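Visitor: Sequence first, predicted model second:
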Amino acid sequence: MWQVILIPFLGTSLGAACVFFFKNAIGERMQKALSGFASGVMVAASFFSLLLPAIEQSADMGKLGFIPATVGFLIGMLFLLLLDIVIPHMHLDNSEEGPQTGMKKTTKLVLAVTLHNIPEGMAVGVVCAGWIYGNEQISFMGALALAIGIAIQNFPEGAIVSVPLLAEGVPKGRTFLYGVLSGIVEPLGAVLVIVSAGFLVPLMPYLLSFAAGAMIYVVVEELIPEMSEGKHSNIGTMCFALGFVTMMALDVGLG
C-alpha cells in the first residue's frame with residue numbers, strides 16, 4: 001500500500017523532468033492539451049473513485065444517502081477556496097507580480113501547484129484508508145487505479161510548472177527540483193489521512209466526497225481556464241475527453 005501513495009508523486013517528478021527536453025517554454029497548443037487531459041482525468045477520478053464509493057457507503061440512509069456526499073463535496077470546495085485566499089496564489093498563465101505580496105513569480109508558481117497537490121494526496125490517502133480498514137466498496141485495485149490516474153494527471157502538471165520557470169531563466173536543475181518539491185505534499189497528505197483514518201472510519205463517505213470537491217475546485221478554478229482561453233480551445237476540449245475516458249477505463253478496469 002505504501003507504494004501506491006508514492007505513485008502520484010512519481011508522476012509529478014517525471015513531469016518535472018520534461019524540463020530537460022525543452023529549450024525554453026511549452027507551446028500554447030501543448031499547454032492546452034496538457035491542461036485538458038489533466039482536467040478530464042481529475043473529473044473522472046473524482047466521480048468514479050470518490051463520489052460513487054461515498055454514495056454507495058451511504059446506501060443505508062435510503063433516499064437521504066446523497067447527504068454525506070453533498071456535504072463532503074461542498075466542504076472540499078470551500079476548503080480549497082479558503083486555501084486560495086489564505087495562501088498567496090497565482091494562475092499558471094499569470095506573468096505579473098502580485099502587488100499584494102511582492103513575491104517572486106517562481107515562488108508563487110511552486111506555491112500554486114503545491115496547493116493543487118494537497119487534495120490529490122488526500123484523495124489517495126482516503127481511498128487507501130478505506131481499503132485498509134476493510135470497506136467493501138473500496139478495493140486495492142480501485143486505490144491503485146486512482147493513484148495511477150492522479151499520476152497521469154500529475155505528469156502534465158509537473159511539466160506545466162517546470163517549463164515556464166525555465167523560460168524565466170531559472171536553471172534546469174532548479175526548475176526540476178521545484179517541480180519535485182511541489183509534489184512532495186501528496187505522499188505526506190496521504191500518510192496523514194491514513195494514520196488518522198482509524199478514528200474517522202464512520203466519516204469515510206464525507207472524506208471521499210471532500211477529496212472529490214477539492215479536486216473539482218482545482219479543475220474549475222485552474223485547469224479549465226487554461227485549456228479554454230484564447231485560440232485552439234478545441235484542443236483542450238478533445239484532450240479533456242481523452243483524459244476522462246482514460247481514467248474511467250482505469251478505474252472500471254482495475255476496480
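Guide: That came through fine. Residues are numbered from 1 along each chain as shown.
Visitor: Okay, helices next: where are they in the stretch 101-250 of the chain?
Guide: With helices called from DSSP state H, counting those that start in this stretch, the stretch 101-250 of the chain shows them at 105-132, 140-167, 172-183, 185-197, 204-218, 224-228, 233-254.
Visitor: Any idea which of those gets closest to Ser35?
Guide: Taking Cβ to Cβ, helix 224-228 is the member of the helices of the stretch 101-250 of the chain nearest to Ser35, at 3.8 Å. Just so you know, the C-beta spots here come from the backbone N, C-alpha and C atoms, and that holds for glycine as well.
Visitor: Mind checking the pLDDT average for the closest one?
Guide: Helix 224-228 carries an average pLDDT of 82.
Visitor: List the buried residues of it.
Guide: 224, 226-228 (16 or more other Cβ atoms under 10 Å).
Visitor: still on that earlier bit, deepest of the helices of the stretch 101-250 of the chain, which one?
Guide: Across those, averaging neighbours per residue (mean count of other Cβ atoms under 10 Å) puts helix 204-218 on top, at a mean of 27.
Visitor: what is the orientation angle of that helix with helix 140-167?
Guide: Helix 204-218 runs at 30 degrees relative to helix 140-167, counting by axes from the mean of the first three to the mean of the last three Cα atoms, to 10 degrees.
Visitor: Helix 204-218: how far from the chain's middle?
Guide: The gap between the average C-alpha position of helix 204-218 and the chain average comes to 11 Å, counting by Cα atoms, centre = their mean, to the nearest Å.
Visitor: for that helix, packing partners?
Guide: Using 3 or more Cβ pairs under 8 Å, 6 or more residues apart in numbering; DSSP states H and E, the elements in contact with helix 204-218 are helix 28-44, helix 52-57, helix 66-86, helix 105-132, helix 185-197.
Visitor: rewinding a little: Gln57 is nearest to which of the helices of the stretch 101-250 of the chain?
Guide: Nearest to Gln57, of the helices of the stretch 101-250 of the chain and by Cβ to Cβ, is helix 204-218 at 4.6 Å.
Visitor: Just list the residues touching the closest residue to Met77 other than its chain neighbours, thanks.
Guide: With sequence-adjacent residues excluded and distances taken as Cβ to Cβ, 6 or more residues apart in numbering, Met77 is closest to Gly213, at 4.3 Å. By Cβ atoms under 8 Å, 6 or more residues apart in numbering, the contact set of Gly213 is 46, 72-80.
Visitor: Apply 10 Å and report the result again.
Guide: Each residue near Gly213 by Cβ atoms under 10 Å, 6 or more residues apart in numbering is listed here: 46, 50-51, 69-80, 119.
Visitor: Could you count how many residues lie near the closest residue to Tyr217 other than its chain neighbours?
Guide: The shortest distance from Tyr217 to any non-neighbouring residue, by Cβ to Cβ, 6+ apart, is to Leu80 (3.9 Å). If you count neighbours by other Cβ atoms under 10 Å, Leu80 ends up with 22.
Visitor: Relative to Gly149, how far out is Leu80?
Guide: 19 Å (Cβ to Cβ, to the nearest Å).
Visitor: Any stretches of the stretch 51-200 of the chain with poor pLDDT?
Guide: Residues of the stretch 51-200 of the chain meeting the criterion pLDDT under 70: 87-116, 119, 135-138, 156-157, 160-161, 163-164, 167-168, 197-198, 200.
Visitor: again, only using 80
Guide: Applying pLDDT under 80 to the stretch 51-200 of the chain flags the ranges 80, 83-120, 122-123, 126-127, 129-143, 145-146, 149-150, 152-170, 196-200.
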